[in-house]
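Trainee: Next comes the sequence, and after it the predicted model I'd like to discuss.
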Amino acid sequence: MKITIAEILAGRAPEGGEITARGWVRTRRDAKGFSFLEISDGSCLANLQAVVDEALPTYSAVKQAHTGAAVAVRGQLVASPGGGQKWELRATEVTLIGPADDTYPLQKKRHSDEFLREQAHLRARTNKFGAIFRLRSRLSLAIHDFFRQRGFFYIHTPIITGSDCEGAGEMFRVTTLPPGGQPADDFFGREASLTVSGQLPAEMLALALGRVYTFGPAFRAENSNTPRHAAEFWMIEPEAAFADLQDNMDLAESLVKHLTEFALKEARDDLALFDRFVEPGLFDRLANLVAEPYQRLPYDEAIDILKSSGAKFEFRPEWGGDLQTEHERYLCEAHFKKPVIVYDYPAAIKPFYMRLSDDERTVAAMDLLAPRVGELVGGSQREERLEVLTRRMESLHLNLANYWWYLDSRRYGGAPHAGFGLGFERLLMMLTGVNNIRDVIPFPRTPNNLEF
Ligand code: 4AD
Ligand code: MG
């Protein structure tokens with residue numbers, strides 16, 4: 001592999017000798033007798049400045065090195081006399097690898113997020129999107145570390161499924177049938193869809209391996225064109241045997257805190273960009289997120305607080321209704337001023353698999369609500385009692401025959417267990433201050449949008 005700018009700036013270039021930096025031209029400035037090329041290769045936020053003398057035999061390449069062009073610059077790394085950078089590359093040879101002309105859409109200036117969404121294939125070359133996608137990568141690895149340290153096994157659950165985990169009817173159909181074909185002739189001989197969650201298969205493995213987690217894509221055909229919903233998003237779903245709602249809340253809180261601390265420590269350079277240009281004060285807000293225990297309260301109390309808040313909501317808070325994003329944000333931004341875990345939701349608004357309370361009014365659900373994004377985590381203790389589960393599924397008119405395997409896990413060695421799903425994009429929004437989910441995933445899928 002060729003050396004990257006991150007490696008060069010970290011001092012991994014051979015001392016004294018010449019190195020070659022490769023990347024894309026951000027800007028070129030011509031001065032008397034010299035040109036300055038700002039080169040970025042995406043390996044880090046910083047650019048490398050190359051200084052090219054007009055007298056170089058290969059100087060003509062510089063004249064074609066417009067913004068966006070790919071170049072290789074060979075030279076010596078020297079302390080930079082100019083302000084703004086510690087090192088610069090004194091060029092001995094410049095090669096134009098791939099040209100770009102003035103139709104390159106990302107000319108040097110600040111572009112709007114909307115414009116950059118239309119250039120999703122190129123936007124990762126900007127400072128902001130480069131920082132987001134590097135953070136996405138680092139956090140993914142931090143998630144694996146977190147679970148490995150706690151004895152969780154990483155499992156892979158199917159993407160094509162025959163069951164609707166959340167029971168919300170928001171599945172994308174998967175078929176090989178020609179128009180008008182018979183379901184029995186379809187590839188699987190029955191209806192198939194893209195999964196909305198890996199939970200049900202994860203439960204089976206938790207009841208075998210003890211502690212497991214998935215980290216994969218989920219697909220939802222919800223027609224909610226909001227800044228917080230994507231049709232394809234990534235979810236982290238741990239599931240633990242012999243765990244209850246309390247354990248589940250503890251795990252969710254420590255995961256969110258761990259990832260926030262990780263970002264503050266390991267991705268500080270990239271985060272500084274967001275603190276400066278996206279959400280001034282971001283560092284302070286993130287430090288607050290790890291400083292104190294999150295607020296925990298039952299749904300009943302949350303509704304009381306909302307009702308007596310005097311705040312103007314579009315949807316009136318009422319016992320039995322789902323919390324809207326405006327309610328979630330009120331609780332953590334205006335009222336408690338920190339993340340909030342609401343638990344024990346009304347049974348009627350939650351899926352079949354959540355554990356029913358003794359009075360059958362509520363289920364052992366918990367949602368972790370975060371400032372700016374609202375619901376970040378949704379989870380529950382699962383219903384482990386075969387008879388109660390069957391009764392609940394029947395009342396929701398689920399086809400029990402499709403779930404025989406799920407019920408088997410309660411028929412044989414059923415045990416208390418719990419888990420949750422954390423939306424990866426929402427976590428990134430919380431950590432960067434970016435307020436549209438379309439801007440934290442390279443190629444977002446949303447209603448009426450399947451470009452790229
Ligand atoms: O609350 P949800 O629907 O929970 C489940 O799917 C459970 N089966 C998870 C489990 O217990 N294993 O979704 C979990 C999280 C939400 O809190 C949210 O952060 C995210 O997934 N999420 C979405 N993120 C982006 N776009 C969407 N359309 C999302 N829907 C849910
Ligand atoms: Mg939810």
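Mentor: That came in fine, so what should we check first? Ligands and ions are numbered 1, 2, ... in the order given.
Trainee: where does this protein come near ligand 1, residue by residue?
Mentor: Selection of the chain residues close to ligand 1 by C-beta under 6 Å from any ligand atom yields 165-166, 197, 199, 220, 222, 229-230, 233, 235, 237, 375-379, 419-421, 423, 425-426, 437. For every residue, glycine as well, the C-beta is placed using N, CA and C.
Trainee: Within the helices and strands, which one has the closest residue to ligand 1 within the stretch 251-400 of the chain?
Mentor: Among residues of the stretch 251-400 of the chain, the one nearest ligand 1 by C-beta to the nearest ligand atom turns out to be residue 378. It sits 2.3 Å away. Element membership for residue 378 (DSSP states H and E) is strand 374-381.
Trainee: Would you agree residue 369 is in contact with residue 341?
Mentor: Yes. The pair residue 369 / residue 341 is scored as a contact, 7.4 Å apart, by C-beta atoms under 8 Å.
Trainee: more neighbours, these two?
Mentor: For residue 369 against residue 341, the residue with the higher neighbour count under other C-beta atoms under 10 Å is residue 369, and the figures read 27 against 22.
Trainee: On the three-state scheme, residue 96 is what?
Mentor: strand (DSSP: H, G, I helix; E, B strand; the rest coil).
Trainee: Now do the contacts for it.
Mentor: Listed by C-beta atoms under 8 Å, 6 or more residues apart in numbering, the contact set of residue 96 reads 61, 64-65, 69-71.
Trainee: quick one on the thing from earlier: centre of the chain versus the strand holding residue 378, how much separation?
Mentor: Relative to its chain's centre, strand 374-381 lies at 15 Å (C-alpha atoms, centre = their mean, to the nearest Å).
Trainee: what lines up beside it in the sheet?
Mentor: Strand pairing for strand 374-381, determined by DSSP bridges: strand 362-370 (antiparallel), strand 417-423 (antiparallel).
Trainee: after that strand, next one along is what?
Mentor: Moving toward the C-terminus from strand 374-381, the next helix or strand (DSSP H and E) is helix 386-395.
Trainee: Now the residue in the chain sticking out farthest from the centre: closest residue in space, sequence neighbours ignored.
Mentor: Among the residues of the chain, the one whose C-alpha is farthest from the average of all C-alpha positions is residue 55, by C-alpha atoms, centre = their mean at 48.7 Å. Setting aside the residues directly before and after it, residue 55 is nearest to residue 33 in space (C-beta to C-beta, 6 or more residues apart in numbering), at 7.8 Å.
Trainee: Let me know the helix or strand that residue 24 is in.
Mentor: Applying DSSP H and E as the criterion places residue 24 in strand 19-31.
Trainee: ok, and what's touching that strand?
Mentor: Counting by C-beta under 8 Å, 6+ apart, residues outside strand 19-31 touching it are 2-3, 5, 8, 13, 35-42, 47-48, 50, 62, 65-77, 89, 97, 100, 108, 125.
Trainee: Show only the entries of these found in strands.
Mentor: With DSSP state E as the criterion, strands contain 35-40, 48, 50, 70-77, 89, 97 from among the contacts of strand 19-31.
Trainee: Do a quick rundown of the helices in the chain.
Mentor: Assigned by DSSP state H, the chain shows helices spanning 5-7, 60-63, 113-117, 127-149, 199-209, 245-266, 268-273, 282-291, 299-307, 325-329, 386-395, 404-411, 424-432.
Trainee: Of those helices, which stretch is the most buried?
Mentor: The highest average neighbour count among the helices of the chain, using mean count of other C-beta atoms under 10 Å, belongs to helix 424-432 at a mean of 24.
Trainee: just to revisit the earlier point, which of the contacts of residue 96 has the largest number of neighbours?
Mentor: Result: residue 65 is most packed of those (other C-beta under 10 Å), 27 neighbours.
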